[in-house]
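Novice: take a look and give me a structure for this.
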Amino acid sequence: MSLNGFDVASYQAGMNVGKVAGDFVLVKATEGIDYTNPEFNGHAKQTLSAGKKLGVYNFIRNDSDIKQQADYFLTVVKPYIGKAMLVLDFENTTGSTIQNQAGVGLAKQWLDYVYQKTGVRAVLYTGLSCENALDWSSVVKANYGLWIAQYNNYNVVNGYQPRDLYGSLKHWKTAVMFQYTSTGQLPGWNGALDFDVFYGDKSAWDKYAEANINPDIPKWIKEDKTYTLKTAVKLRTAPSTSASVIAVLPAGSTVRTDQAIIQGGYRWVRQPRSNGYAYMATGPIGNTLEYVK
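Specialist: Model prediction:
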């Protein structure tokens, strides 16, 4: 069983991807830390509304912090996490060359960070020559899938015509997906399209998209409780000792909370406020002397 689809970026502005034949659409979301594809949300919504499977991808660069790139991507695609396959696009482009062995470490850093934040194992996209030339063993061992690209030529391909890979993979045993042409043609769009074949059914696609339970990711739990402070305690903008301080509450103050989490060596509680939330540490983990009662 396999699925046929295509991938799009800003070049396909004006295209209704939901009305063009295909089982799935992969949409460029971001690049670096400051570029969002202006067509992203429209194409993502069209894909889901048409009942097609969705993939969203980030183009990695070597001129900005990797975690910042990942955070930027996750902010943009947040409404689709758990619904869409997440992808990291690893290419060699003038001005952002990252297709070298050092780049493999950057790619894995991005993939690991996204997994830690979401529980989703993103897929890596790259060309066959890059897969063959670099040592991807660390990425393979970490169980990240591969979307491979390789074109025999640039002749026009009318309609989906999946073929075998011309050459062979060196590090992955199999690919999740294969981009086999950049010159595909489909009714409903006059321009060229990248054609892809996914090696699985819709259920398999959903497994790549779903946010799996990950014990390494802290979980919030409901907690409807009122605390009375034993000592002065700082309210912060996030559950972290490095987050900005909203206020310092004196001993004897009461704080009503709705959720709690163990994170960063502390137990934190969340206080609903008129303009959002504040966060308070009830005490260090493993320390029986808490700040509150």
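
Novice: pull the number of nearby residues for Gly252.
Specialist: Using other Cβ atoms under 10 Å, Gly252 has 10 other residues around it. Backbone N, C-alpha and C define where each C-beta goes, glycine included.

Novice: isn't it up against Tyr227?
Specialist: No - between Gly252 and Tyr227 there is no contact under Cβ atoms under 8 Å: 11.3 Å.

Novice: residue furthest from the geometric center of this structure?
Specialist: Most distant residue from the mean C-alpha position of the chain: Gly252, 43.4 Å away (Cα atoms, centre = their mean).

Novice: buried set for the longest helix anywhere in the chain?
Specialist: Looking across the chain with DSSP state H, the single longest helix is helix 101-118. For helix 101-118, the neighbour count (16 or more other Cβ atoms under 10 Å) marks 103-104, 106-115, 117-118 as buried.

Novice: helices or strands up against it?
Specialist: The elements that helix 101-118 packs onto, with contact taken as 3 or more Cβ pairs under 8 Å, 6 or more residues apart in numbering; DSSP states H and E, are helix 66-77, strand 84-89, helix 137-141.

Novice: adding distance to Ala133, write the buried residues of helix 101-118 out as a markdown table.
Specialist: Listed next are those as a markdown table, based on distance: Cβ to Cβ, whole Å:
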| residue | distance to Ala133 |
| --- | --- |
| Gly103 | 11 |
| Val104 | 10 |
| Leu106 | 16 |
| Ala107 | 14 |
| Lys108 | 16 |
| Gln109 | 20 |
| Trp110 | 20 |
| Leu111 | 19 |
| Asp112 | 22 |
| Tyr113 | 25 |
| Val114 | 24 |
| Tyr115 | 25 |
| Lys117 | 30 |
| Thr118 | 30 |
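
Novice: which one among these gets closest to Ile33?
Specialist: Nearest to Ile33 among the buried residues of helix 101-118, counting by Cβ to Cβ, is Trp110 at 12.0 Å.

Novice: mind listing what the closest one touches?
Specialist: Trp110 makes contact with 58, 60, 66, 69-70, 88, 122, according to Cβ atoms under 8 Å, 6 or more residues apart in numbering.

Novice: please redo it, this time with the cut-off set to 6 Å
Specialist: 66, 70, 88 (Cβ atoms under 6 Å, 6 or more residues apart in numbering).

Novice: burial of the nearest residue in space to Tyr11 that is not next to it in sequence, as a residue count?
Specialist: Nearest residue to Tyr11, sequence neighbours excluded (Cβ to Cβ, 6 or more residues apart in numbering): Gly191, at 7.1 Å. By other Cβ under 10 Å, the residues close to Gly191 number 14.
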